[in-house]
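Undergrad: prediction below, plus the sequence it came from.
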Amino acid sequence: MARTTTRPATYRMRAFNDGRFMETEVKLLENGKGITWGFAAGQIRTNSVMRISEKGDWTELTEITIGSQPPRKYMELTVSRQK
């Protein structure tokens, strides 16, 4: 019997600003309920994770690393649908 392995899907995303663009890799989280991406620009690196909760809330956490400093929280947000 053949063994099947499942790997998270990988996509590409482009962000446009002032006539320029940046492209980054976007990966689905293993549970299929979120994505992760990041980018590097010189000494600055970011890592973002967006998740969809069981209630349908969208949460996003972005960390930033500058040079050899440890990662710091750059942004954290939650978006909820009003009823």
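TA: Okay, I see it.
Undergrad: centroid-nearest residue for the chain?
TA: Most central in the chain under CA atoms, centre = their mean is Thr36, positioned 2.7 Å from the mean C-alpha point.
Undergrad: Thr62 versus that one, what's the distance?
TA: 10 Å (CB to CB, to the nearest Å). Every C-beta, even on glycine, is put in place using the N, C-alpha and C of the backbone.
Undergrad: tell me which residues touch the residue nearest to the centre of the chain, please.
TA: Taking CB atoms under 8 Å, 6 or more residues apart in numbering, we find Thr36 in contact with 26-27, 29, 47-50.
Undergrad: strands of the chain, residue ranges please.
TA: 10-17, 20-28, 34-41, 44-52, 58-66, 72-79 (DSSP state E).
Undergrad: which ones are touching the nearest residue to Ser48 once chain neighbours are set aside?
TA: Nearest in space to Ser48, with sequence neighbours left out and distances taken as CB to CB, 6 or more residues apart in numbering, is Thr62 at 4.3 Å. Residues in contact with Thr62, defined by CB under 8 Å, 6+ apart, are 46-48, 73-76.
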